[in-house]
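*Asks:* curious how this folds, go ahead:
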Amino acid sequence: THGYTGADLAHLCREAAMKALRRILPKIDLEAGEIPAEILESLRVTMRDFMEAMREITPSAMREVQVEIPKVRWGDIGNLEDAKQQLREAVEWPIRHPEVFERMGITPPKGILLYGPPGCGKTLLAKAVATESEANFITIRGPEIFSKWVGESEKAIREVFRRARMVAPAVIFIDEIDAIAARRGYVADSGVSDRVVAQLLTEMGGILPLSRVAVIAATNRPDLLDPALLRPGRFDRLIYVPPPDEHARFEILKIHTRKMPLADDVDLREIARKTRLFTGAELEALCREAAMLALRENIEAKAVHMRHFEEAMKRITPTLTEDLIQYYETLQRQLGRETRRIERPQLTI
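*Replies:* Just a heads-up that it's a prediction; the model follows:
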């Protein structure tokens with residue numbers, strides 16, 4: 001209950017009690033004169049009631065920022081084991097075991113930048129690490145920060161960081177960070193973008209500490225970011241989230257078909273082999289389309305067949321290209337040395 005006030009805790013207890021009542025209510029005959037003693041004896045507020053209540057009760061300090069309670073766990077993400085391990089070390093360990101870092105005399109990374117092609121799991125990774133570390137999750141979507149009023153965009157950044165410090169441990173997730181933190185002087189606007197970058201630099205590397213607050217950002221264009229953000233003390237951990245290889249595609253297909261009735265002729269390994277340029281998001285869309293094709297064929301369908309997947313593969317065109325993959329691999333190598341502009345191929349629409 002990080003960030004909960006006394007009133008929030010009282011509200012939480014009331015809601016947990018209501019959950020317990022709702023759970024036992026079907027067993028009570030409302031027309032009877034009294035409630036049987038055995039039902040009253042079984043009325044207990046359980047840990048599960050409290051956990052369900054916590055999903056509905058937002059701490060007072062979090063009500064003015066966009067809060068999401070992620071339900072994504074590491075097992076919901078196919079493969080990406082290297083990225084998962086790096087996030088565990090950079091976010092989950094410092095939040096859950098801060099004393100270990102104090103004992104070793106080191107400080108955890110302040111910021112983590114996830115970059116790679118769109119649809120490959122960057123947002124899912126951020127949600128999973130927040131879930132696994134039991135941290136409050138605050139989302140900032142790049143384009144939503146900008147305001148037509150002078151100073152409001154910088155104020156929005158300051159307010160998010162202030163709230164995160166109040167409810168720590170917390171994870172601040174900045175999606176599409178390239179939309180708000182492009183190289184200073186690169187965007188032809190009234191200077192708003194430059195001031196937002198300056199505010200981000202101040203919050204991440206300023207006097208006020210970010211104790212038990214992790215900042216995770218995601219972008220498809222790390223080469224457009226202001227270089228000052230990629231220096232040690234800001235986003236000092238850069239994690240490449242690559243397109244899924246054949247084994248990863250098989251794992252992703254297993255995740256998205258685990259609740260789907262599959263016919264005996266469905267070969268997920270064969271589908272994984274045939275979907276080489278598909279991203280994780282496109283594989284999810286593929287499974288959904290295959291199920292819809294089965295229903296269109298027969299609304300009473302009991303299973304999805306291999307022919308439905310083959311037809312779905314003809315309808316879904318992957319956005320990745322060989323040139324785009326080469327671009328990100330080149331970018332990954334160069335980010336280890338310097339950040340400079342690289343000519344980027346266009347996505348296939």
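*Asks:* what ranges do the strands span in this protein?
*Replies:* Using DSSP state E, the strands of the chain run over residues 111-115, 136-141, 170-175, 213-219, 235-240.
*Asks:* out of those, which gets nearest to Arg276?
*Replies:* Arg276 sits nearest to strand 235-240 of all the strands of the chain, at 18.7 Å, using CB to CB. To be clear about C-beta, it is placed using only N, CA and C from the backbone, and glycine gets the same treatment.
*Asks:* in that closest one, what counts as buried?
*Replies:* 235-240 (16 or more other CB atoms under 10 Å).
*Asks:* any chance of the residues you listed in a markdown table with pLDDT and distance to Leu268 as columns?
*Replies:* A markdown table is the format used below for the buried residues of strand 235-240 (pLDDT from 0 to 100; distance: CB to CB, whole Å):
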| residue | pLDDT | distance to Leu268 |
| --- | --- | --- |
| Phe235 | 87 | 36 |
| Asp236 | 82 | 39 |
| Arg237 | 88 | 33 |
| Leu238 | 91 | 32 |
| Ile239 | 92 | 27 |
| Tyr240 | 92 | 26 |
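*Asks:* out of these, which is nearest to Ala285?
*Replies:* Of all the buried residues of strand 235-240, Ala285 sits closest to Tyr240, with 23.2 Å by CB to CB.
*Asks:* for the nearest residue to that closest one once chain neighbours are set aside, the count of nearby residues, please.
*Replies:* Leaving aside its chain neighbours, Tyr240 sits nearest to Gln332 (4.7 Å; criterion: CB to CB, 6 or more residues apart in numbering). When neighbours are defined as other CB atoms under 10 Å, Gln332 has 15 of them.
*Asks:* distance of Gln332 from Asp223?
*Replies:* With distances taken as CB to CB, to the nearest Å, Gln332 is found 11 Å from Asp223.
*Asks:* cool, and Ala156?
*Replies:* For Ala156, the distance to Asp223 (CB to CB) stands at 25 Å.
*Asks:* how about Leu331?
*Replies:* Taking CB to CB as the measure, Leu331 falls 6 Å from Asp223.
*Asks:* show me what contacts the closest residue to Ala168 other than its chain neighbours?
*Replies:* With sequence-adjacent residues excluded and distances taken as CB to CB, 6+ apart, Ala168 is closest to Arg212, at 4.2 Å. Shown in contact with Arg212 (CB atoms under 8 Å, 6 or more residues apart in numbering): 94-95, 98, 168-170.
*Asks:* any idea how far the residue nearest to Tyr240 lies from Arg276?
*Replies:* Counting by CB to CB, the gap between Gln332 and Arg276 amounts to 19 Å.
*Asks:* ok, now Glu284?
*Replies:* Glu284 is 17 Å from Arg276, where distance means CB to CB.
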